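A.B. asks: coordinates only, sequence not included:
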């Protein structure tokens with residue numbers, strides 16, 4: 001009976017396998033590792049990019065997931081928060097913003113220069129690389145958000161500062177709402 005109970009508990013642990021994510025100085029999120037999977041990200045990104053007539057290759061999603069996971073590990077940010085910022089900023093498109101922001105996470109070159117020194121990040125030969133090198137863009141954007149979280153100790157205020165525009169409160173609310181939806185698995 002004891003052996004059967006142990007096997008049952010092991011099976012349950014494998015099935016439920018949760019991950020704790022460090023965020024803002026404490027562990028706050030528990031979700032199954034299967035939830036934030038390659039397949040989930042592929043479906044999510046493909047859906048968003050298709051709204052703009054863009055195709056999404058498997059290799060792109062694999063590299064994107066690796067970039068998000070790397071940035072998450074480096075900064076301690078939840079991957080779903082990073083995904084929420086990317087979604088609101090660019091819907092996973094390499095775009096140039098009206099104020100010169102670049103790439104998926106819409107980072108300005110001046111901000112990137114500051115963050116490169118603060119976090120000892122690799123400096124590209126040309127800051128326009130932030131537009132096309134999404135691994136670099138995600139790392140810089142995540143480090144910038146981490147810097148703001150450390151500075152303000154509040155997600156909403158950090159997101160408002162990340163945007164900095166006249167609609168920063170709406171921007172922060174949009175990301176927080178999306179983040180909560182992603183965490184709940186409703187999207």
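C.D. replies: Arrived safely. Remember, it's a predicted structure, so these values are computed and weren't measured experimentally.
A.B. asks: over to the residue nearest the centre of the chain: give its phi and psi.
C.D. replies: Centroid check for the chain by C-alpha atoms, centre = their mean gives residue 82 as the closest residue, at 1.5 Å. Main-chain dihedrals, residue 82, degrees, to the nearest 10: phi -60, psi -40.
A.B. asks: so it versus residue 89, what's the distance?
C.D. replies: Distance of residue 82 to residue 89, given as C-beta to C-beta, to the nearest Å: 11 Å. C-beta here means a position set from N, CA and C on the backbone, and glycine is covered the same way.
A.B. asks: what's the overlap in contacts for those two?
C.D. replies: Listed as contacting both residue 82 and residue 89 by C-beta atoms under 8 Å, 6 or more residues apart in numbering are residue 141.
A.B. asks: still on that earlier bit, for the residue nearest to the centre of the chain, what are its contacts?
C.D. replies: Contacts for residue 82 (C-beta under 8 Å, 6+ apart) come out as 68, 71, 72, 138, 141, 142, 145.
A.B. asks: pretty sure the last one sits in a helix.
C.D. replies: Yep, that's residue 145 we're talking about. Yes: using DSSP: H, G, I helix; E, B strand; the rest coil, the assignment for residue 145 is a helix.
A.B. asks: chain neighbours aside, what residue packs nearest to it?
C.D. replies: Once flanking residues are discounted, residue 145 sits nearest to residue 162: 5.8 Å by C-beta to C-beta, 6 or more residues apart in numbering.
A.B. asks: all the helices of the protein, residue numbers only.
C.D. replies: Secondary structure of the chain (DSSP state H): helices located at 2-16, 38-50, 58-75, 79-90, 109-118, 129-132, 134-152, 155-163, 168-184.
A.B. asks: quick one: which of those is nearest residue 97?
C.D. replies: helix 79-90 (8.2 Å; C-beta to C-beta).
A.B. asks: still on that earlier bit, so can I have JSON lines of the helices of the chain showing distance to residue 103 and mean pLDDT?
C.D. replies: As requested, these are exported to JSON lines (distance: least, C-beta to C-beta, whole Å; pLDDT from 0 to 100):
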{"stretch": "helix 2-16", "distance to residue 103": "36", "mean pLDDT": "36"}
{"stretch": "helix 38-50", "distance to residue 103": "14", "mean pLDDT": "95"}
{"stretch": "helix 58-75", "distance to residue 103": "11", "mean pLDDT": "96"}
{"stretch": "helix 79-90", "distance to residue 103": "7", "mean pLDDT": "98"}
{"stretch": "helix 109-118", "distance to residue 103": "10", "mean pLDDT": "96"}
{"stretch": "helix 129-132", "distance to residue 103": "5", "mean pLDDT": "92"}
{"stretch": "helix 134-152", "distance to residue 103": "4", "mean pLDDT": "97"}
{"stretch": "helix 155-163", "distance to residue 103": "14", "mean pLDDT": "97"}
{"stretch": "helix 168-184", "distance to residue 103": "17", "mean pLDDT": "96"}
